[in-house]
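Visitor: Starting from these lines, generate the structure:
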Amino acid sequence: MAIDPREKIALFIDGANLYATSKAVGIDIDYRKLLTEFSSKAYMLRANYYTALVEDQEYSSIRPLIDWLDYNGYTVVTKPAKEFTDAAGRRKVKGNMDIELAVDALEQSPYFDHMVLFSGDGDFTALVAAMQRKGKRVTVVSTLTTSTPMISDDLRRQADFFMDVADLAKTAGRPQVVRQPVEA
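Guide: Residues are numbered from 1 along each chain as shown. The predicted model follows:
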């Protein structure tokens, strides 16, 4: 990882994208170890985690993670997910946090030297270019190890550095918990 220990770094985590990437690679991210890993490399200014939540559900499987992150060093940014029915009559949930992440990154940019973006979404290519014009270095964290890459080629080319989630898993991952079905 090419992070200078004199740098102030800020993490911007696209929660849905990191979740999908880590599942595709077959690991779970240990968010405590993730903070420790990056804090050991440089001065950690902020770790932001972005996700949309379905509000009318009585229980959301992501709620325990969100609460844990909120109490353990992460700035959690959420918004209500939008539910809709597609043309085939299937219920879908949409909750894109790209704009919130981009606005926060631009607003916080005077205070950090190096942005670490956890997403492979090509929509962030313009944000990475804008950060570089402001003199910031940008590391993008995603993966190339899956059969279909989870990172946009444009985003990877624009970034100063690329880190594969599979490599990050060595220090900030844990094996995926595979739950066996309970037999009746």
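Visitor: Quickly find the element holding residue 116.
Guide: strand 114-118 (DSSP states H and E).
Visitor: For this structure, which segments count as helices?
Guide: 15-25, 31-39, 63-71, 98-108, 125-133, 153-158, 165-172 (DSSP state H).
Visitor: For those, could you give me JSON lines that also reports distance to residue 143 and mean pLDDT?
Guide: Any C-beta I mention is one placed from the backbone N, CA and C, and that applies to glycine too. JSON lines is the format used below for those (distance: least, Cβ to Cβ, whole Å; pLDDT from 0 to 100):
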{"stretch": "helix 15-25", "distance to residue 143": "5", "mean pLDDT": "90"}
{"stretch": "helix 31-39", "distance to residue 143": "15", "mean pLDDT": "94"}
{"stretch": "helix 63-71", "distance to residue 143": "20", "mean pLDDT": "91"}
{"stretch": "helix 98-108", "distance to residue 143": "19", "mean pLDDT": "97"}
{"stretch": "helix 125-133", "distance to residue 143": "17", "mean pLDDT": "98"}
{"stretch": "helix 153-158", "distance to residue 143": "11", "mean pLDDT": "95"}
{"stretch": "helix 165-172", "distance to residue 143": "5", "mean pLDDT": "86"}
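Visitor: out of the ones you listed, deepest packed?
Guide: helix 15-25 (a mean of 20; mean count of other Cβ atoms under 10 Å).
Visitor: which other helices and strands contact that helix?
Guide: In terms of contacts (3 or more Cβ pairs under 8 Å, 6 or more residues apart in numbering; DSSP states H and E), helix 15-25 is packed against strand 27-29, strand 43-53, strand 137-142, helix 165-172.
Visitor: I'd like to know which of these is closest to residue 87.
Guide: Among the helices and strands packed on helix 15-25, the nearest to residue 87 by Cβ to Cβ is strand 43-53 (21.8 Å).
Visitor: For the closest one, which strands pair with it and how are they oriented?
Guide: Sheet pairing for strand 43-53, assigned by DSSP bridges, gives strand 8-14 (parallel), strand 75-80 (parallel).
Visitor: Tell me how far it lies from the chain's centre.
Guide: Its chain's C-alpha centre and that of strand 43-53 lie 8 Å apart, by Cα atoms, centre = their mean, to the nearest Å.
Visitor: quick one, that strand and helix 98-108 angle?
Guide: 160 degrees (axes from the mean of the first three to the mean of the last three Cα atoms, to 10 degrees).
Visitor: Many thanks, we can stop here.
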